[in-house]
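Trainee: Attaching a predicted model along with its sequence, questions to come.
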Amino acid sequence: MRARSLEDVQTRRSEMSHDLDHLIELQQLETAAEGARRLVAATPQRIAGLDAQLAAADAALATAREQKVQSETERRTLEKDLAAIRARRSKFLDQTIEVKTNREYHALQHEIQMADDDIKRLEDRILENMLALDDTNAAIAEAEAARTEAERAVTAQKQTLEIERKHAEASLAEIAKQREAVLARISPQAYAIYDTVSRGRKSPAVAAVVGGLCSVCHVRIRPQIDQDVRRREQIVQCESCTRILYHPALHPPAVTPPA
């Protein structure tokens, strides 16, 4: 009778140990699934960010081109004003031949001098405009190159994001299958504990003991609790965060979840 009881205890210990292994595997699968879901959910926002980069490059190019239009418009206005002043100066010069008094002559000379000053001012502004236009043309060339590079980079990154999204969606389907298989191997009692912790706490529901601490809440584990975790005879929970505890060194490697 005693031998039978000992055998039952050993059986329960073995079942509990296997339950713990399966719970750890289940947590790994759910962590992988959560990462895949986040990737899928974040893809539209990341694509929007790439579109914003391309839009910024488009805006920079548009600004440079608009600056060129403004410079060319200013140049035409300056040249028109210059032509008008030169015509006025020529008219004043012609009138000096017909003047009859010194007063009229000096008045015309004053007008001619003012026209010469205006001509010099406009010629200087036209020269400045030409130099600025050279800089603008260089800025346009740089903006065009930057826009081309941005389009190439954005297109490549969008393709990568789309591939990652499809892989994540495919992995979710595979993880769901593996999860069902693992659930079938976990006792109802063990899963009830896992489910309660998972619902009450943010993932993960299972935590490794590292350096005597719960790896999630970082609270030190009492020596007796630590020994219970090492024995693997029962489901042991962290006294602080209630997560299910295990020692990584005592847990055999699980099958790697789909990437």
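Mentor: That came through, no problem. Quick caveat, the model's predicted, so the values are computed rather than measured.

Trainee: I'd say residue 82 and residue 123 touch.
Mentor: Yes: counting by C-beta atoms under 8 Å, residue 82 touches residue 123, with 6.9 Å between them. Glycine gets a C-beta too; all of them are placed from N, C-alpha and C.

Trainee: more neighbours, those two?
Mentor: Here residue 82 and residue 123 are compared on neighbour count by other C-beta atoms under 10 Å; more neighbours surround residue 82, at 17 against 12.

Trainee: got the contact list for stretch 195-212?
Mentor: Outside of stretch 195-212, the residues within contact range by C-beta atoms under 8 Å, 6 or more residues apart in numbering are 23-24, 26-27, 30-31, 34, 194, 214-217, 220-221, 226, 229, 237-238, 241-248.

Trainee: again, 7 Å this time
Mentor: When contacts are taken as C-beta atoms under 7 Å, 6 or more residues apart in numbering, the neighbours of stretch 195-212 outside the stretch itself are 23-24, 27, 30-31, 34, 194, 214-216, 220-221, 226, 229, 238, 241-248.

Trainee: Please flag which of those residues sit within helices.
Mentor: Using DSSP state H to define helices, the subset of the contacts of stretch 195-212 located there is 23, 24, 27, 30, 31, 34, 194, 226, 229.

Trainee: Any of those buried? List them.
Mentor: Neighbour counting with 16 or more other C-beta atoms under 10 Å marks 23, 24, 27, 30, 194, 226, 229 as buried within the ones in helices among the contacts of stretch 195-212.

Trainee: from those residues, which single one is nearest residue 162?
Mentor: residue 30 (25.2 Å; C-beta to C-beta).

Trainee: need the contact list for that closest one.
Mentor: Going by C-beta under 7 Å, 6+ apart, residue 30 touches residue 203.

Trainee: per-residue pLDDT, it?
Mentor: We note a pLDDT of 93 for residue 30 in this prediction.

Trainee: same question, residue 6
Mentor: Residue 6 is assigned a pLDDT of 42 by the prediction.

Trainee: and what of residue 3?
Mentor: Reading off the per-residue confidence, residue 3 sits at a pLDDT of 43.

Trainee: How about residue 219: what's its closest non-neighbour residue?
Mentor: Spatial nearest neighbour of residue 219, excluding adjacent residues (C-beta to C-beta, 6 or more residues apart in numbering): residue 240 at 3.9 Å.

Trainee: Alright, calling it a day.
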